[in-house]
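Enquirer: Give the three-dimensional model of this entry:
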Amino acid sequence: MAMLTVRNLPDEIHRALRTRAAKRGHSMEAEVRAILESAVAGEQRVQLGSLLADIGEQAQLTEEEFLVFEQVRDRNSASVVIPE
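Expert: Below you'll find the predicted structure:
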């Protein structure tokens, strides 16, 4: 797992985090992880298969070529064998 160091954190923020963590029965580290997870949870992630299908449409691929990208999107996987 990755580590993150936050430098120059104002004392008032540190105190507020410590208080918030104590109220929830968490360590400060666990509380910061929860805050960060919550902050990025709502972000829309682009799925590889959908992105490839959009590129395929723009490139005007044949129906057979396009179906390969549809299969990737449907399986939610990036590994596919492209027919020759």
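Enquirer: Residue 59 - how many residues pack around it?
Expert: Per other C-beta atoms under 10 Å, the neighbour tally for residue 59 reads 9. Bear in mind the C-beta positions are built from the backbone N, C-alpha and C, glycine included.
Enquirer: same check, this time on residue 53
Expert: Using other C-beta under 10 Å, residue 53 is surrounded by 21 other residues.
Enquirer: Secondary structure element for it, which one?
Expert: helix 48-58 (DSSP states H and E).
Enquirer: who does that helix touch, helix- and strand-wise?
Expert: With contacts taken as 3 or more C-beta pairs under 8 Å, 6 or more residues apart in numbering; DSSP states H and E, helix 48-58 sits against helix 63-75.
Enquirer: Stretch 14-30: how far from the chain's middle?
Expert: 25 Å (C-alpha atoms, centre = their mean, to the nearest Å).
Enquirer: Just the residues contacting it, thanks.
Expert: Identification of contacts with stretch 14-30 by C-beta atoms under 8 Å, 6 or more residues apart in numbering yields 31, 32, 34.
Enquirer: Can you flag the buried ones in those residues?
Expert: Neighbour counting with 16 or more other C-beta atoms under 10 Å marks 31, 32 as buried within the contacts of stretch 14-30.
Enquirer: gap between residue 2 and residue 13?
Expert: 22 Å (C-beta to C-beta, to the nearest Å).
Enquirer: of the two, who's got more company?
Expert: Set residue 2 next to residue 13 and count neighbours by other C-beta under 10 Å: residue 13 wins out with 10 against 3.
Enquirer: Tell me how far the more buried one lies from residue 20.
Expert: 10 Å.
Enquirer: Low-confidence stretches in the protein?
Expert: 42-46, 49, 69-70, 72-84 (pLDDT under 70).
Enquirer: so what are the domain limits for the chain?
Expert: Here the domain parsing of the chain from automatic domain parsing is 11-41, 45-84.
Enquirer: Residue 5: neighbouring residues, count only.
Expert: Residue 5, neighbours per other C-beta under 10 Å, totals 4.
Enquirer: Just want the phi and psi numbers for it.
Expert: phi -110, psi 130 (degrees, to the nearest 10).
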